[in-house]
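# curious how this folds, go ahead:
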Amino acid sequence: MFTHPWNKPLDTIITFSFAALLFFVPLFFYPTSSELFEFNKMILTYILTGFISTFWLIKIVINKQLVLRKSFLNLTVLLFLLGQLITTFFSINPHTSIWGYYSRFHGGLASTVSYSLLFYIALNHFSQDSQRPKLKLLLYSALSTSTLISLYGILEHFGIDKHLWVQDVQNRVFSTLGQPNWLSAYLVAILPFPLLIALNSKERKISLLLGLVAFANFITILYTKSRSGIGTTFIILFLIILYQLTKLKKATHTRSRLATFFMLLITSLAITGSPWSPNPQNIQDSLKVGGPLWPQLEPYLNQVKLTTQLKPLDISALPEENQKQLIAQADGRPYGGSNSWDIRQVVWQGAVDLFKSHPLTGTGPETFAYAYYWTRPAAHNLLSEWDFLYNKAHNEYLNFLATTGLIGISTYLILILSTLILLIRLYRQYPAHQTITISFILSYLSILITNYFGFSVVTVATFFFLIPALALTYTSSQFKTFTLGPGWSFSKKDLKKLKNNNTTPSLSMLQYIAITFLTLIFVFWFSLILKHWLADRHYAKGKALSQNGYLSQAIPSLESAVKLYPSEPTFRSILAETYANAALATKQQYDSLDQEQAKLLEKAALAQQQNYTKLALDNINQTLDQNPYHLNFIKSKAKVYLSLAQIDPQYYQLTLDTLLRATQLAPTDPKLLYNIGLLYIQLDNLPQAKIALRQAIDLKPNYDHAIAELIKLYQQENNQDQIQKLKDQLLFYYPDHPFAATLE
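Numbers count the residues shown, from 1 in each chain. The predicted structure is shown next:
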């Protein structure tokens, strides 16, 4: 069979592109983007996927033949992709379902197509005899990146970049992934490979080197303080220990390594602590002020009449914030941040209710941020994150259930189940590769577990699709193929002649046209993604300038963003707000002029003010035409009207109408009702203001701002009974509230 000489360089390009994907994407972030981490990782993934796909298709054109490896996963991945396509078609906002929610970006149809292409290409490319040995390059790339990320995370824990971030990165590291949970999910997916190879390799140098990589990964996971990540790590480590115990009789050299690993594990936990165990500093603090030395274990010990408490807790010795928290807990009122489990339970209930209202196709991929408000439980208002926008269900499975319905979740679960069956089958069929196969299995399991308590991100989703493809190509060299196309057809005599003359057969005109066409498609794709990236930079710059009051500098940047990417309503909403603020600023500047200057500039100022007003209204209306379901865009329209109302009071009524419309999408949002109450006060409709504020308080009994405004209205009526009831309610939740002190 003839193999075209161009195959070798094309194969090299594809292999190194996969290595680049695994090496650079987890590292890549850019400081001037609107979202530093996920956005840039998704952009790079799109570019590399397009690059890999183009060269793979060019190779097919050159060989005049498509050869696909047969696997039942081909069907399940295609089925999942088809499910996403169907749910995108029926989405409440197809733009979001294609490209993903802005600020998350991953999870839309475009990213799913990219990951699916990576799966198919990896499966077929690395199944070639010439490329299977190069799978090690991918492993080295992933391990090298995880090592760099872990080292950076460890340095973060010791304060190397604490001055650069608003977040307390020293307390909970996130390295180049951008969030502690994302970092831990990525590292625990990597961890089985260096650890299992280190425990089982017969080469001491490799064992030592990869043991250090695994240890760095583990320490960094502990430094994230991610409950889901650390909990998953413990499960994976437990399974690794079980696996190693089954091999002790066959491989005696692993005994000392397993013992060393176990000692390092216990020592690391003792030094750094975990969400379920104290570190030395915690124990030292407990010895000073009293109370249990191991609070997480104390309830279970108490059941058998044991304790870790050496002396009673001295509340007066605690920091003031801790004292307030204990008093609040004793009084049965919320204080400080809500427990992450409590938050998840409420959000999960909203996701289930959303599924019940759209059971077949859901609301569309990545539309959770819009649709969650429809079924948002009122209990969410009692959480510390009550006014946060939730763009994910914080459970990948419920997220699929709510946004893609039965079609999406069923195809997703079929894909997972078929992958698990495949991996287990490979483990049983190829005993010579069991160490690496069990690594693939545990890595995949870690993703399934962390996705239950959170959601996948770019790096983890890439592993989700590549793991089955790489496991197949690494373990099994015997497989059936499906062939489409005639390929090159030469007689033995012609082949001998080509070999003797060292010549390459010429490509046909049709092949050159096809290669040119594929190249142009990639150039178009690259330019599209680049425009998106540049538009985001302009948007981030313009938004920052607008928020800091530099309106004249912000407008050109935001206009550039809209021009580069006109289909993104997020850009238009901020541009509309900026235009409205510019109109107000023009009026305020004109009003500050003396009489003579005002007369000279009257026409110009009025024209500019009217122009900004028109641009603000045009852009905010276009925003809602593009996406009428995003509550933030409706709030943005209210902001535009509110700014313009300070120029023309007629906009107060339009602001009110807009917020009333918003309550139809978000019936349990007390902040909307609070602002509606304020607008009714502005319009001198006090009876309706009281109704709106009372509704806000009913939804959120500890809403201090709403309670204070309602008390002010009752003060105008001198209604002492209502004032006292509301004051008591305010003092119950906030004993030291400054407004309550003014009521004495």
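
# in three-state terms, label Trp386 for me.
Classification of Trp386 using DSSP: H, G, I helix; E, B strand; the rest coil returns coil.

# below-threshold pLDDT in the stretch 251-400 of the chain: ranges please.
Residues of the stretch 251-400 of the chain meeting the criterion pLDDT under 70: 251-253, 323, 328-332, 335-336.

# and the helices in it?
When secondary structure is read from DSSP state H, counting those that start in this stretch, the stretch 251-400 of the chain shows helices at 254-272, 280-289, 298-303, 320-331, 340-357, 368-375, 396-429.

# how about the first one: buried residues?
Under the neighbour-count criterion of 16 or more other Cβ atoms under 10 Å, helix 254-272 has Thr254, Arg257, Leu258, Phe261, Ser268, Leu269, Thr272 buried. Glycine gets a C-beta too; all of them are placed from N, C-alpha and C.

# Gln170: how many residues sit nearby?
Around Gln170 there are 15 other residues, counting by other Cβ atoms under 10 Å.

# now it, what's its secondary structure?
Reducing the assignment at Gln170 to three states with three-state DSSP gives coil.

# now do Phe218
Local secondary structure at Phe218 is given as helix here, using three-state DSSP.

# distance-wise, check it relative to Val460.
According to Cβ to Cβ, to the nearest Å, Phe218 stands 18 Å off from Val460.

# now swap in His532 and tell me
Separation of His532 from Val460 (Cβ to Cβ) stands at 22 Å.

# which of the two has more residues huddled nearby?
With other Cβ under 10 Å as the criterion, His532 and Val460 differ in neighbour count, and Val460 comes out ahead with 23 against 19.

# which helices and strands sit right next to the helix or strand where that one lies?
According to DSSP states H and E, Val460 maps onto helix 458-475. When contacts are defined as 3 or more Cβ pairs under 8 Å, 6 or more residues apart in numbering; DSSP states H and E, helix 458-475 packs onto helix 38-63, helix 72-89, helix 109-125, helix 135-157, helix 180-190, helix 396-429, helix 434-453.

# quick one: it to helix 109-125, angle?
Taking axes from the mean of the first three to the mean of the last three Cα atoms, to 10 degrees, helix 458-475 and helix 109-125 form an angle of 20 degrees between their directions.

# and helix 458-475 with helix 434-453, angle?
In this structure, helix 458-475 runs at an angle of 150 degrees to helix 434-453, with the same axes, to 10 degrees as the basis.

# the next helix or strand after helix 458-475: how far from the chain's middle?
From helix 458-475 onward toward the C-terminus, using DSSP H and E, the following helix or strand is strand 481-484. Centroid separation for strand 481-484 versus its chain: 38 Å, with Cα atoms, centre = their mean, to the nearest Å.

# now the helix or strand where Leu520 lies against helix 109-125, angle please.
Secondary-structure assignment from DSSP H and E places Leu520 in helix 509-547. Orientation note: helix 509-547 sits at an angle of 140 degrees relative to helix 109-125 (the same axes, to 10 degrees).

# got the CA coordinates for the next helix-or-strand element following helix 509-547 in CSV?
Counting by DSSP H and E, the element after helix 509-547 in chain order, helix or strand, is helix 551-564. What follows is helix 551-564, C-alpha atoms only, in CSV (Å, rounded to 0.1, in the frame of the first residue of the first chain):
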residue,chain,number,x,y,z
LEU,A,551,-17.1,57.9,29.7
SER,A,552,-15.6,59.7,26.7
GLN,A,553,-12.7,57.2,26.7
ALA,A,554,-15.0,54.2,27.3
ILE,A,555,-17.3,54.8,24.4
PRO,A,556,-14.8,54.3,21.5
SER,A,557,-13.6,51.0,23.1
LEU,A,558,-17.1,49.7,23.6
GLU,A,559,-18.1,50.8,20.1
SER,A,560,-15.1,48.9,18.7
ALA,A,561,-16.2,45.8,20.7
VAL,A,562,-19.7,46.0,19.2
LYS,A,563,-18.3,46.6,15.7
LEU,A,564,-16.0,43.6,15.9
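
# now tell me what touches helix 551-564 from outside.
Residues from elsewhere that reach helix 551-564, judged by Cβ atoms under 8 Å, 6 or more residues apart in numbering: 531-532, 534-536, 538-539, 541-546, 568, 571-572, 574-575, 578-579, 581-582, 585, 619.

# again, only this time at 7 Å
531, 534-535, 538-539, 541-542, 545-546, 571-572, 574-575, 578, 581-582, 585 (Cβ atoms under 7 Å, 6 or more residues apart in numbering).

# swap in stretch 130-150?
With Cβ under 7 Å, 6+ apart as the contact definition, stretch 130-150 has outside contacts at 11, 15, 18-19, 22-23, 26-27, 125-126, 175-176, 187, 190, 193-194, 213, 216-217, 220, 470, 473-474, 477.

# gap between that stretch and the chain center?
24 Å.

# give the buried residues for it.
Of the residues in stretch 130-150, those with enough neighbours to count as buried (16+ other Cβ under 10 Å) are 131-132, 134-135, 137-139, 141-143, 145-150.

# coming back round to it: most tightly packed of the helices of the stretch 251-400 of the chain?
Highest mean neighbour count of the helices of the stretch 251-400 of the chain: helix 368-375, a mean of 24 (counted as mean count of other Cβ atoms under 10 Å).

# and that one, what does it pack against?
Helices and strands touching helix 368-375, as assessed by 3 or more Cβ pairs under 7 Å, 6 or more residues apart in numbering; DSSP states H and E, comprise helix 340-357, helix 396-429.

# before we move on, the earlier item: so which of the buried residues of stretch 130-150 comes closest to Leu44?
When the buried residues of stretch 130-150 are compared for distance to Leu44, the smallest value, 12.8 Å, is given by Thr145; criterion: Cβ to Cβ.

# and the closest one, how far from Ile221?
Remark: distance between Thr145 and Ile221 (Cβ to Cβ) = 15 Å.

# can you give the domain ranges for this structure?
Taking automatic domain parsing as the domain assignment, the record places the domains of the chain at 7-278+339-484, 528-741.

# reformat the ones you listed as CSV; add distance to Lys311.
Putting these into CSV (distance: least, Cβ to Cβ, whole Å) gives the following:
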stretch, distance to Lys311
domain 7-278+339-484, 16
domain 528-741, 28
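
# Glu320: which of the ones you listed is closest?
domain 528-741 (11.0 Å).

# and the end-to-end length of the closest one?
Domain 528-741 has an end-to-end distance of 58 Å (criterion: Cα to Cα, to the nearest Å).

# returning to that earlier point: got a PyMOL select line for the buried ones in the contacts of helix 551-564?
Buried members of the contacts of helix 551-564, identified by 16+ other Cβ under 10 Å, are gathered into one PyMOL selection as follows:
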select buried, resi 535+538+539+541+542+545+546+571+572+574+575+578+581+582+585
